[in-house]
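Student: the following comprises the amino acid sequence and a computationally predicted model.
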Amino acid sequence: MMPWTLYSEQRRWVMLALLSIVYASSGFDVYVFGILFEPIRHDFHLSDALLGFLSGVCLLVPYALVALPVARWAERGDRRLIVTLALGLWSVMTALCGLAQSFWQLAVARAGVGAGESGSIPTAQSLIADYFPPAQRGRAFGIWYAAASPATLLGYAMGGYLTTSLGWRMALIVAGLTNLPLALVSYVGLREPRRRLGFPMADERESFRESMRKLRTKSSFVYLLAACVLYSFGFGAVAFIPSFMIRSLHVSLAETGLAFGVVLSVASLLGQSGGGWLADRLAKRDVRWLAWLAGLAYAVGGALQALALIAPTDQRFLVLTFCALTIIMLGLAPLVAGVHAVCGQSRRATAVALVLFTGVLFGAAGQYAAGVLSDVFGLHDTVGGLRYALMAMMLPILLAGFVLLAGARALPSDLEA
């Protein structure tokens, strides 16, 4: 019996909605912090490199290190419990960020946020893959990813408003504590199909070494993983866009939070849901479209975002950035659907965690690299340094597109339910 046959169509979509809300809550915490770069930088007297270290490395390295062990737990454990515990941990640690009195206290609390969030995404994707048959997964993943869109808007807009009126510390405390009740709701509302089908025994589970060996032999998975690394490294620089608007385009913090929050949230909603819908339709004709669609999105979107950074006004910048981010976001759902199409059911959470592990590490490196480049370019141009750094960071996204276009040919021979 396949796990998705245990639930009605309506029940599957209700559980997807709940997992989407949980995913949105993690995005809310992240994006509240994203609008606080400038006040945190001034309070703790940080360079852009240290700001990138705090935002990227401190969050994402613990995220990556915890993701694989939790994913192995998720291969045979109670995934509903894992999601609930992860949500509670990152919510508490977000609130503790607001109580930090030094850079290192903030860094430790930020690491706790990353460790908590790492337990949710591979586990949630594993549940979604069990809730939905392969023909519906692209759309399901697109909706799940798109759920971060309203959280993005709320995170940036509320973060800017609360910081202006109450200070950045209270913004983080509110962000963390408001998510805690959702942990109980998720535990009550989600279902673990293994409770009816039976939990796999330890000796039935494919070993980590065997899972890695089988994934490594699939050239399509290697291409997808390489593209994820390049995309994550370049996209990490997007965290500095609010700072770019404040410094180079002279937009206030509150206006930046609202404007960029709207742009990023709507772009994510349209791009990710549209990408999932397109992926399901096009993959029925040719599974290689999962890689082709993502590759085209990254190549075109990366180039357009580089063009946006030389726009002379904030209005033109926001319009071009909206178009660029919408196109880039089109690539996410087909990329994830491609990973699930070739990884195999017995190593699904491990494959997702491996993609997250490498992508998150390089995403952290990308944020730090953007900060370092900004400091270096700023030695010669104090106003335009961040602009040049962000433009340079679009190159890896372009390369990710070409890697996917080249690797699409391997998908048909690597398919595994």
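Tutor: Structure received. The structure displayed is predicted, hence computed values, not measured ones.

Student: and the pLDDT at residue 345?
Tutor: As predicted, residue 345 sits at a pLDDT of 69.

Student: tell me which helix or strand comes right after the helix or strand hosting residue 123.
Tutor: Using DSSP states H and E, residue 123 sits within helix 121-131. Heading C-terminal from helix 121-131, the first helix or strand you meet, by DSSP H and E, is helix 134-146.

Student: in that following helix, what counts as buried?
Tutor: Residues of helix 134-146 classed as buried by neighbour count (16 or more other CB atoms under 10 Å): 136, 137, 138, 139, 140, 141, 142, 143, 144, 145, 146. To be clear about C-beta, it is placed using only N, CA and C from the backbone, and glycine gets the same treatment.

Student: so how far is residue 375 from residue 120?
Tutor: 33 Å (CB to CB, to the nearest Å).

Student: just want to know which of the two has more residues nearby.
Tutor: More crowded of residue 120 and residue 375, by other CB atoms under 10 Å: residue 120, with 25 against 18.

Student: and the closest residue to that one other than its chain neighbours, how many neighbours?
Tutor: Of all residues not flanking residue 120 in the chain, residue 86 sits nearest, at 4.4 Å (CB to CB, 6 or more residues apart in numbering). Counted with other CB under 10 Å, residues neighbouring residue 86 total 25.

Student: after the helix or strand hosting residue 86, next one along is what?
Tutor: Residue 86 belongs to helix 79-97 when assigned by DSSP H and E. Next in sequence after helix 79-97, counting helices and strands by DSSP H and E, comes helix 103-118.

Student: what's the mean pLDDT across that following helix?
Tutor: 88.

Student: for residue 143, give its distance to residue 134.
Tutor: 16 Å.

Student: can you list the weak-confidence ranges in this protein?
Tutor: 200-206, 345, 349, 382-383, 417 (pLDDT under 70).

Student: wouldn't residue 183 be in contact with residue 87 here?
Tutor: Yes - using CB atoms under 8 Å, residue 183 is in contact with residue 87, at 4.6 Å.

Student: the helix holding residue 123: how far from the chain's middle?
Tutor: How far helix 121-131 lies from its chain's middle: 15 Å, per CA atoms, centre = their mean, to the nearest Å.

Student: with stretch 44-55 instead?
Tutor: 21 Å.

Student: buried ones in it?
Tutor: 44, 46, 48, 49, 50, 51, 52, 53, 54, 55.

Student: what is the helix holding residue 86 packed up against?
Tutor: helix 9-34, helix 58-76, helix 103-118, helix 121-131, helix 168-177, helix 180-189 (3 or more CB pairs under 8 Å, 6 or more residues apart in numbering; DSSP states H and E).
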